[in-house]
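Undergrad: attaching a predicted model along with its sequence, questions to come.
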Amino acid sequence: MSYAPGMTVTEAALDRGSDTALWRQVADLLAVDIEAGEFPIGERLPSESALTARLGISRVTLRQALRALTDRGLIRSVAGKGWYVGSAADSLGSRPLYEPPGVLQSFSEMARSRGLSPDSVLLHCVVRPATWEESAELAVAPGAPLVSLRRLRRLDGLPVAIDHSLVPAALLPDVDPTEFVTGSLHEGLRRRGFVPGRAEYEVQAISADPDQARLLEVEPGYPLLAAVELMDDVEGRRIEKGQIIYRGDRYRFRAVLLP
């Protein structure tokens, strides 16, 4: 690999006979350009097609390099727009996402309160029977139909959490899965007369399994925060069991403890 001062990645020669993997060479070249200020923070990188053409590499090789740069915190992916210089922290701000202590907020409400744009990738939305454990938690009969809604939650196009909600199907008789891609489940429940009132909330640290790592764009074993929530409406009816798994670098849990 040859890289001279002032030379940009598009001018650099890759050493295809080197023991260093081609994707790693590409990542190193791009990193030098980024750290030298050739691509300022917030600037969009050249398109994948432009980079593959000018470097003479495959898109698979390029994407391995781009993932490596993401892991280094040098670039981030913005869905539908491309790759931008800067880490997720540059986009989300220096303070991680969190709910105000003691305040019940949906993910969408929490995001909008910080001036961020929430959206979701629908992973599944099915109606299935409740297990014995779920029937006790949701105060329904064993085998009663539940809406199982699983989404990848994003902020400004960046993956932040995997959200899995179970809701008695009787509360969402007209459920339309597309409603919850840009909309909030809690807002949908409110429109149907079930206003969230209180929640039991439990948080624990976990390590990313391969599926979680793929969705959240981290390596397997990466630290995550898993929150399990049992929610009642203002009339005391159990309306949701939820589990939301956050990237550990993009969420903090805050609480107020009283004597």
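TA: Now that the structure is in, tell me what you want to look at. Residues are numbered from 1 along each chain as shown.
Undergrad: list the helices and strands the host helix or strand of residue 164 packs on?
TA: Here residue 164, judged by DSSP states H and E, is contained in strand 158-168. Using 3 or more C-beta pairs under 8 Å, 6 or more residues apart in numbering; DSSP states H and E, the elements in contact with strand 158-168 are strand 75-78, helix 88-92, helix 132-138, strand 145-155, helix 185-191, helix 210-216, strand 238-247. In short, each C-beta sits where N, CA and C put it, glycine included.
Undergrad: angle of that strand against strand 238-247?
TA: Calculated by axes from the mean of the first three to the mean of the last three C-alpha atoms, to 10 degrees, strand 158-168 forms an angle of 160 degrees with strand 238-247.
Undergrad: which residues touch stretch 194-208?
TA: With contacts defined as C-beta atoms under 8 Å, 6 or more residues apart in numbering, stretch 194-208 is touched by 104, 106, 171, 186, 189-190, 216, 218-237, 239-240, 245, 248, 253.
Undergrad: equivalent analysis for stretch 161-172, please.
TA: Stretch 161-172 is contacted from outside by 107, 120, 123, 127, 130, 134, 138, 140, 144-153, 175, 185, 188-189, 192, 194, 212, 215-216, 238-247, 250-251, using C-beta under 8 Å, 6+ apart.
Undergrad: got the buried residues for it?
TA: 161-169, 171-172 (16 or more other C-beta atoms under 10 Å).
Undergrad: what does stretch 171-180 give?
TA: 171-172, 175, 179-180.
Undergrad: cool, stretch 122-130 as well?
TA: 125, 130.
Undergrad: low-confidence ranges, the stretch 101-250 of the chain, go.
TA: Low-confidence segments of the stretch 101-250 of the chain (pLDDT under 70): 101-105, 111, 113-116.
Undergrad: returning to what we had before: now the two most distant members of the buried residues of stretch 161-172.
TA: Distance extremes for those: the farthest pair is 161 and 169 at 24.0 Å, using C-beta to C-beta.
Undergrad: show me the domain layout of this protein.
TA: 9-86, 92-247 (automatic domain parsing).
Undergrad: state the distance from the residue lying closest to residue 237 once chain neighbours are set aside to residue 30.
TA: Nearest residue to residue 237 in three dimensions, chain neighbours excluded: residue 194, at 7.0 Å (C-beta to C-beta, 6 or more residues apart in numbering). To residue 30, residue 194 is 50 Å away according to C-beta to C-beta, to the nearest Å.
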